[in-house]
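Chemist: 3D, please:
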Amino acid sequence: MASEREGAVVMKGHTEGMKQAGALLKEFGLPEGLLPLENVVEVGYVKKTGYMWIAQKKEVEHTFKLISKQVSYDTDIHGYIEVGRIKKLKGVKAKELLIWASVSDIILETPLTGKIQFKSFAGITKTFPVEAFAAGQ
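Modeler: I've put the predicted structure just below:
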C-alpha cells in the first residue's frame, strides 16, 4: 500500500481533505456530492497513477434523497480516479433490498446522458440520474 501512495499530494484534516476530494471529483467530471463524508482525517491523490484515498474517523451512512438510496462510506475509502470514472473502489457500499453491496466502479455514461452507473463486485449494475449526486443532496 505504501508504494501505491508514493508521490501523493496529501491533505490533512476535514476542511482541507474535503476541498481536495471535491476538487478531484470536479477535475474528473464526477458529481461533487458523491462523497458526503464527515470527520475526514486525510485525502491523498497520486497524479501519476490516479490512486486516491480518503480516511475518516468513523463510518458514515448517507441517504441520497432524490433516489432514496442508502450508501455507507467506510473509514478507509480508496480507488483509482480518471475522467468520468472511479474504478477498483473499496470502502463504499449501497443498500440493495436487505443487503449491502460493495460498489466497485462508478462510471459516467458516455456519451454524456445525464446518467451515472454504479457497479458492484457481485455483478449488480444500477443507473441513476447524475443530479441525484449534486453537492448538498
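Chemist: residue ranges of the strands in this protein, please?
Modeler: Applying DSSP state E to the chain gives strands spanning 9-12, 40-45, 51-56, 60-64, 69-82, 85-96, 99-108, 115-120, 125-129.
Chemist: taking strand 99-108 as reference, get the angle to the fifth one.
Modeler: What that stands for is strand 69-82. 40 degrees (axes from the mean of the first three to the mean of the last three CA atoms, to 10 degrees).
Chemist: export the strands of the chain to a markdown table and append columns for distance to residue 34, mean neighbour count and mean pLDDT.
Modeler: Placement of C-beta: from N, CA and C, glycine included. Formatted as a markdown table, those follow (distance: least, CB to CB, whole Å; neighbours: other CB atoms under 10 Å; pLDDT from 0 to 100):
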| stretch | distance to residue 34 | mean neighbour count | mean pLDDT |
| --- | --- | --- | --- |
| strand 9-12 | 17 | 15 | 96 |
| strand 40-45 | 13 | 21 | 97 |
| strand 51-56 | 11 | 22 | 97 |
| strand 60-64 | 9 | 15 | 95 |
| strand 69-82 | 9 | 18 | 96 |
| strand 85-96 | 8 | 18 | 95 |
| strand 99-108 | 7 | 18 | 94 |
| strand 115-120 | 9 | 18 | 94 |
| strand 125-129 | 11 | 13 | 94 |
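Chemist: out of the ones you listed, the one nearest residue 28 is which?
Modeler: With CB to CB as the criterion, residue 28 lies closest to strand 69-82 of the strands of the chain, at 5.4 Å.
Chemist: circling back: mind checking which of the strands of the chain is nearest residue 33?
Modeler: Distance to residue 33, taken as CB to CB, is lowest for strand 60-64 among the strands of the chain, at 8.0 Å.
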